[in-house]
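> Need the 3D shape of this:
(2 chains)
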Number of protein chains: 2
Amino acid sequence: MTAPHLDSFLDLCRAAVGPQHVLTEAADKAPYLTDWRQRYTGDAVAVLRPGSTEEVAALVHACHAHKLAVVPQGGNTGLCGGATPEAGPAAAAGVVVLSLQRMNRVRHVDPLNNTITVEAGVILQQLQDVAREHGRLFPLSLAAEGSCTIGGNLSTNAGGTAVLRYGNTRELCLGLEVVTARGEVWDGLRGLRKDNTGYDLRDLFIGAEGTLGIITAAVMKLYPLPRARVTALAAVQSPRAALALLAIAQSHASAMLTGFELMSAMCMDLVRKHYPQLRYPFTAATDAHPQLVLLELSDSEGEAHARAIFETMMEAAFEAGVVTDAVVAESVQQSRDFWNLREHIPMAQVEEGKNIKHDIAVPVSRVADFIETTDALVQDAFPGARMVTFGHLGDGNLHYNVSPPVGVDHEQFLIHQDAINLIVHNSVQSHNGSISAEHGLGQLKREENRRYKSEVELGMMRAIKQALDPQGLMNPGKVL
Amino acid sequence: MTAPHLDSFLDLCRAAVGPQHVLTEAADKAPYLTDWRQRYTGDAVAVLRPGSTEEVAALVHACHAHKLAVVPQGGNTGLCGGATPEAGPAAAAGVVVLSLQRMNRVRHVDPLNNTITVEAGVILQQLQDVAREHGRLFPLSLAAEGSCTIGGNLSTNAGGTAVLRYGNTRELCLGLEVVTARGEVWDGLRGLRKDNTGYDLRDLFIGAEGTLGIITAAVMKLYPLPRARVTALAAVQSPRAALALLAIAQSHASAMLTGFELMSAMCMDLVRKHYPQLRYPFTAATDAHPQLVLLELSDSEGEAHARAIFETMMEAAFEAGVVTDAVVAESVQQSRDFWNLREHIPMAQVEEGKNIKHDIAVPVSRVADFIETTDALVQDAFPGARMVTFGHLGDGNLHYNVSPPVGVDHEQFLIHQDAINLIVHNSVQSHNGSISAEHGLGQLKREENRRYKSEVELGMMRAIKQALDPQGLMNPGKVL
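Okay, the predicted model is just below:
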């Protein structure tokens, strides 16, 4: 890009959003050019910070006219490098990062319609808080909720811990406002439960990681606030037993069952090693319980009712020989304690040293098969490798992470990353699963995805990309 | 189309599916060329009845090669003419109807994954039955369930009476198998709760009414079978009071609330007039209760628990002055009786004489406003017109039907159809609603839809149509 060409572009941008929101100095741009885990770093001619939908549209128009690619960014908390520019030579004349962080208004809350209309830059936690102030629940919940934005959640179709009952971000969205690749504004902010008047554009933009257009606002679903949430921790002998417990739990609790998380003894070992201050409710040694399941009930009647359901459910599970030990939380604090064990697994892994991570999903009925088969395959190729397996069992979604054998350096072990990815993802494929359950593709899994997607499916994806972004300017190098 | 050209096409078809499944005689074709309400009649060079996905693909290939348009058809129970050929000159060299009725196998039931994999021609009721045999619920339920097919339900994203809890057909589907416009087979039969590996093609084909490709099979979600279903009938003074009752019911019953249907006194008058044998639970005259609400609870604990929830809920509603009378069903039979009142409304309308129908949705919070405003507008233009208003209030979905004033002939009154549609749909638009909530567009609302959709949205729809069906052979004249 020539200097005069760039100058005329930047002038347009400054006129559109104000000079203070067009960042061109290296130091100002830096935080936007690297993901928070510092795995992906790219460059951009500018970082643009629009404050309204009209400003986003004006900026996209300017990029379009100057053939500059646009990388939309929310809280920059993604795990696959979808929100930072690609390293290496850009496909277009240059790249800008378009940060949605200043678009952080809650536009409208409609408790009777159980909806909230928010701009893309609203932080997930803020959305949860506003909902609660109106006596409603916004159920999406995940580790980065204090800094991720709803626009990013939508663009990656984020999952989290409440998918079992409420679905992914996709299922929580009723309508979108989008700035298209041409810089047009699509007002699809419909708060309707039923609307059959054409193609489902909403779901096309959700999960597209900004490669088809830029989500600027959304209508999200709200739910009645449960009167109580009660948690239990159950010990089972195997993933297969955990699945049997899931069937029992669903039969007894139906939609009240809002969480069902699996954690192996290996996970608990790491958590107890690195966070000894956390309360662990069992007196037996960690390895006496090969697998723990965290169950959560959300109850519209109250705590006593939830506890009664847990009693009946656990009685049935003990009688069926499915559960070997179980504790129902006695207080809100103890429920938090149980969740703390689950939520400290990722941090305990960081403390222990890097491992090779996979965010996979298989049909729920095949989770036990998958774990058994894949453990054996990895062990066969890398004797002594240790699996740190945990996740959202109720959704068939596992974080299947591979640590080196005892005594092997963690950094060293990363040289086997491609080989281990291949084993794990081939196994996912043979179990009819997904190599990216809740994190998206971004840069990380773009190539890997091509290995497993059929040519028919990739062909349709390319045709849609070409139809909606013929110049290929929206977040190049991601997804496709 | 020349005769030799047609002959070579039919030869290809006969080779693909067997001569007995290529219907060319007028009498054989007739049932496929007219919708069940006999509002739409078109012509086709043949009706093709494939028995497998491969046969569908072979037929689409043949159509592609001969530039023949394809009208996919399921149970032919649609309400908008989406499954029959357009009348008048065809866009393509000719048209075939491709009936999916022979593709009626249940391929796989996976109770632990809570999924069922079915071919497109499976009748909805059969799907419900098979689920029940496996101790599971398939919740989609609608008037045509004895003859509509799941492929048709998916293509129109059908709604029905359980959307409040379980969503539309879209929300009940995890994966699809599709024969594309090019005759390729896309195997997207994934039974996954989480899968973020590319664009959401599934939801693009759902609700596209066969204009982008042909759905040949699907993985559908199942749910635990509730231990009890209990129904109540509550009398309220106005739609606004019905909305207040909805908020109370959701707060007390949360996801247990699986039905919330509104029926005006006018509806009950018609039902009691034409079906006097149906049991009506109140002793007061029909017009003492301006609106009735039918509530249904589905309970994983049992009947006693559901009844207890109803008691608490109705107590709260009486205390708030929201409900003036209420009956909780004492038996399964009485629950059926209540549903019978609701389900006989469409038939009672047929008995009474034609009226002008609308299948609309607005945000739930605006339903009362919508009814008040629209009633006034219609009355203003057509004094004495009588509204037969009922529907899925919990989803904001109303069947807003306009009958002539007393003494005016029903057929005669139909001359006002366009004028009344305009009043009603303009009002829908000003309430940020949808002119087709659960029936789709088909031929009936294609033009009308263009009046209300933005050019940006229509432009994206056209671009996608062009991308996936560049020759325009898939169900021409529908949707777009």
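> So for stretch A:111-128, mean pLDDT?
Averaged over stretch A:111-128, pLDDT sits at 98.
> Now do it: distance to the chain's middle.
How far stretch A:111-128 lies from its chain's middle: 17 Å, per CA atoms, centre = their mean, to the nearest Å.
> Using PDB, write out every CA atom in it.
This file holds the C-alpha atoms of stretch A:111-128, laid out as PDB (Å, rounded to 0.1, in the frame of the first residue of the first chain):
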ATOM      1  CA  PRO A 111     -38.300  -8.900  30.800                       C
ATOM      2  CA  LEU A 112     -41.800  -9.900  29.600                       C
ATOM      3  CA  ASN A 113     -40.300 -11.100  26.300                       C
ATOM      4  CA  ASN A 114     -37.400 -12.500  28.100                       C
ATOM      5  CA  THR A 115     -34.900 -10.800  25.900                       C
ATOM      6  CA  ILE A 116     -32.000  -8.300  26.100                       C
ATOM      7  CA  THR A 117     -30.600  -6.300  23.200                       C
ATOM      8  CA  VAL A 118     -26.900  -5.600  23.500                       C
ATOM      9  CA  GLU A 119     -24.100  -4.200  21.400                       C
ATOM     10  CA  ALA A 120     -21.300  -6.500  20.400                       C
ATOM     11  CA  GLY A 121     -18.800  -5.100  22.800                       C
ATOM     12  CA  VAL A 122     -20.800  -5.700  26.000                       C
ATOM     13  CA  ILE A 123     -18.700  -7.900  28.400                       C
ATOM     14  CA  LEU A 124     -20.400 -11.300  29.100                       C
ATOM     15  CA  GLN A 125     -20.400 -10.700  32.800                       C
ATOM     16  CA  GLN A 126     -22.100  -7.300  32.400                       C
ATOM     17  CA  LEU A 127     -24.800  -9.000  30.400                       C
ATOM     18  CA  GLN A 128     -25.300 -11.600  33.200                       C
END
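> Skip the chain neighbours and tell me the closest residue to the residue sitting nearest the centre point of chain A.
Against the mean C-alpha coordinate of chain A, by CA atoms, centre = their mean, the closest residue is A:Ala158 at 3.3 Å. Using CB to CB, 6 or more residues apart in numbering or on different chains and skipping the chain neighbours, the partner closest in space to A:Ala158 is A:Thr169 (4.8 Å). Any C-beta I mention is one placed from the backbone N, CA and C, and that applies to glycine too.
> Let me know the pLDDT of the one you found.
Note for A:Thr169: predicted pLDDT of 98.
> For it, list the residues it contacts.
Applying CB atoms under 8 Å, 6 or more residues apart in numbering or on different chains, we find A:Thr169 in contact with A:Leu140, A:Asn153, A:Leu154, A:Thr156, A:Asn157, A:Ala158, A:Gly159, A:Ile206.
> Longest helix in chain A, please.
Longest helix in chain A by number of residues (criterion: DSSP state H): helix A:303-319.
> other SSEs contacting that helix?
Here helix A:303-319 touches strand A:228-236, helix A:239-253, strand A:291-299, strand A:325-328, going by 3 or more CB pairs under 8 Å, 6 or more residues apart in numbering or on different chains; DSSP states H and E.
> Which residues does it contact?
Helix A:303-319 has contacts (CB under 8 Å, 6+ apart) with A:227-230, A:232, A:234, A:244-245, A:248-249, A:252-253, A:256, A:295, A:297-299, A:323, A:326, A:328, B:301.
> and if you look at stretch A:473-480?
Residues outside stretch A:473-480 that contact it (CB under 8 Å, 6+ apart): A:63-64, A:67-72, A:81-82, A:86, A:90-92, A:95, A:181, A:208-214, A:440-443, A:446, A:449, A:458, A:461-462, A:465, B:198-199.
> Among those residues, name the ones in strands.
Under the assignment DSSP state E, these contribute A:Ala69, A:Val70, A:Val71, A:Pro72, A:Val95, A:Gly213, A:Ile214 to strands.
> Check the residues you listed and tell me the two furthest apart.
Largest separation among the ones in strands among the contacts of stretch A:473-480 by CB to CB: A:Val95 and A:Gly213, giving 16.7 Å.
> Name the residue in the two with the higher neighbour count.
When neighbours are counted by other CB atoms under 10 Å in any protein chain shown, A:Val95 and A:Gly213 differ, and A:Gly213 comes out ahead with 29 against 25.
> Kindly provide the distance from that one to B:His274.
From A:Gly213 over to B:His274 the distance is 51 Å, taken as CB to CB, to the nearest Å.
> Am I right that A:Met266 is in contact with A:Tyr400?
No: look at A:Met266 against A:Tyr400 with CB atoms under 8 Å: they stay out of range, at 11.7 Å.
> quick one: common contacting residues for the two?
With CB under 8 Å, 6+ apart as the test, A:Met266 and A:Tyr400 both reach A:Met387, A:Thr389.
> out of those two, which sits in the more crowded spot?
Counted by other CB under 10 Å, A:Met266 and A:Tyr400 do not tie: A:Tyr400 has more neighbours, with 24 against 20.
> Many thanks, we can stop here.
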